[in-house]
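Asks: I'd like to go over a predicted model; first the sequence, then the structure.
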Amino acid sequence: MSEGTTEALEHLREQIDGVDKELLALVRRRLDLVARVGMVKHQAGLPIYAPEREAKMLAKRRQEAMDLAIPPQLIEDLLRRMMRESYLNEKDVGFKQVNPDLGRVVIIGGAGALGQVFVQMLTLSGYQVDVLDKEDWHRADDLLANPGLVIVSVPIAQTCELIRNQLTRLPERCILADLTSIKSAPLTSMLTAHRGPVVGLHPMFGPDVGSLAKQVVVICHGRGASQYQWLLDQITIWGAKLVEADAKVHDDAMQLVQSMRHFSTFVYGLNLCREQADIAQLLQFSSPIYRLELAMVGRLFAQSPELYADIIFAELGCETVIADYLDNYTQALELLKNRDRDTFVAWFNEVAQWFGDFAPQFQLESRQMLQSVNDISSLARPPQ
């Protein structure tokens, strides 16, 4: 490289550094403004996530980017990343308390990871929250004497028995809720054990979320909806999206969404382990989509085996769904053994037609995710 080229590059890089500093100052200014927005929302009791406002803002910024010959997806990616950080900061401001007359909240299993999420969110909303965990049952009579809300957040295998044996003497005004990923059996147990308002909640996220903005919480109504409506309003203020569902419909869907998917991931990881695959080498040869698949498998095995055993084994009938999956896999394997390419293509087209408009939608969404994975993987190093 010539001396003149080196000097020209250095001069341009200095200008880029200056622009980066300006960008940092603008980002800081935007975060400060968002913090002020959070204070206003807190005082007014507005949700931290406003989907219509976000959609309109992004559409406007995309158009403005195109007018400046800037790739609109670049601007949207930048703004979405900043908004995610903003939601985290807004949460720390706190939330308006919807029901100041509630009294104490007791979270059974509140020392667990998911229980802690609700301890934090309810505390940020100004409620007095007590945790009743397995080491605290000597305090159970006092804590359960007069609560306004009791939330059960214990392993699925223990939920129904705990409800039936320990929660039959709650005050009638008390709201009883659970956070398990199956709903029919816990909801039936709560309705039998407690005479007051009952609601089943399924937070469709893990305990490592930094904010409830855009997260889904499934609501399965039990009894006394008007008495626990404030709780649903409170969860909405936290930024979550509420999806109402019949308990059986929910559980049937979870056999596909949770049990089959987790079981398939478990078997994939089991196979990699027993094949003694060299993960570091696989990553060297991985496209972004395969790296993402490996990451999802690794994510499963980085978590509690008891948790996933509970999720999979608690779904009554999931073995039928998984057996159907195995049958389809076996039939597809026979195509491969028989080198039946034409039938493979026919089945592929059948599935593509069944997906309909969702297929191109998912292709677009996955392309955007894979671009992010590619950015991360280019910097990643294998653990030492």
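Replies: Done, it's in. Numbering: from 1, shown residues only.

Asks: And the most centrally placed residue in the chain, how far from E306?
Replies: Centroid-nearest residue in the chain: F205, 2.8 Å away (criterion: C-alpha atoms, centre = their mean). Separation of F205 from E306 (C-beta to C-beta, to the nearest Å): 19 Å. The C-beta positions use only the backbone N, C-alpha and C, and glycine is treated the same way.

Asks: next one: H202
Replies: Separation of H202 from E306 (C-beta to C-beta): 19 Å.

Asks: For these two, indicate the residue with more neighbours.
Replies: Neighbours per residue, other C-beta atoms under 10 Å: of H202 and E306, the larger number sits with H202, 24 against 10.

Asks: how near is the more buried one to R28?
Replies: With distances taken as C-beta to C-beta, H202 is found 38 Å from R28.

Asks: Show me what the helix or strand hosting L272 is packed against.
Replies: Secondary structure from DSSP states H and E places L272 in helix 261-274. With contacts taken as 3 or more C-beta pairs under 8 Å, 6 or more residues apart in numbering; DSSP states H and E, helix 261-274 sits against helix 288-301, helix 305-314, helix 318-337.

Asks: For it, what is the distance to the chain centroid?
Replies: 21 Å (C-alpha atoms, centre = their mean, to the nearest Å).

Asks: same thing with stretch 236-253?
Replies: Relative to the centre of its chain, stretch 236-253 is centred 13 Å away, using C-alpha atoms, centre = their mean.

Asks: Quote the end-to-end distance of it.
Replies: Across stretch 236-253, the terminal residues are separated by 23 Å (C-alpha to C-alpha, to the nearest Å).

Asks: any idea of the mean pLDDT in that stretch?
Replies: Averaging the model's pLDDT scores along stretch 236-253 yields 94.

Asks: Now it: buried residues?
Replies: 236-241, 245, 247, 250-252 (16 or more other C-beta atoms under 10 Å).

Asks: Could you do stretch 126-139 as well?
Replies: 127, 129-133.

Asks: Could I get these in TSV, plus columns for pLDDT and secondary structure?
Replies: Output for the buried residues of stretch 126-139, formatted as TSV (pLDDT from 0 to 100; DSSP: H, G, I helix; E, B strand; the rest coil):
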residue	pLDDT	secondary structure
Y127	97	coil
V129	97	strand
D130	96	strand
V131	95	strand
L132	94	strand
D133	90	coil
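
Asks: want to throw those into a markdown table with distance to V152?
Replies: Formatted as a markdown table, these follow (distance: C-beta to C-beta, whole Å):
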| residue | distance to V152 |
| --- | --- |
| Y127 | 17 |
| V129 | 14 |
| D130 | 14 |
| V131 | 12 |
| L132 | 10 |
| D133 | 12 |
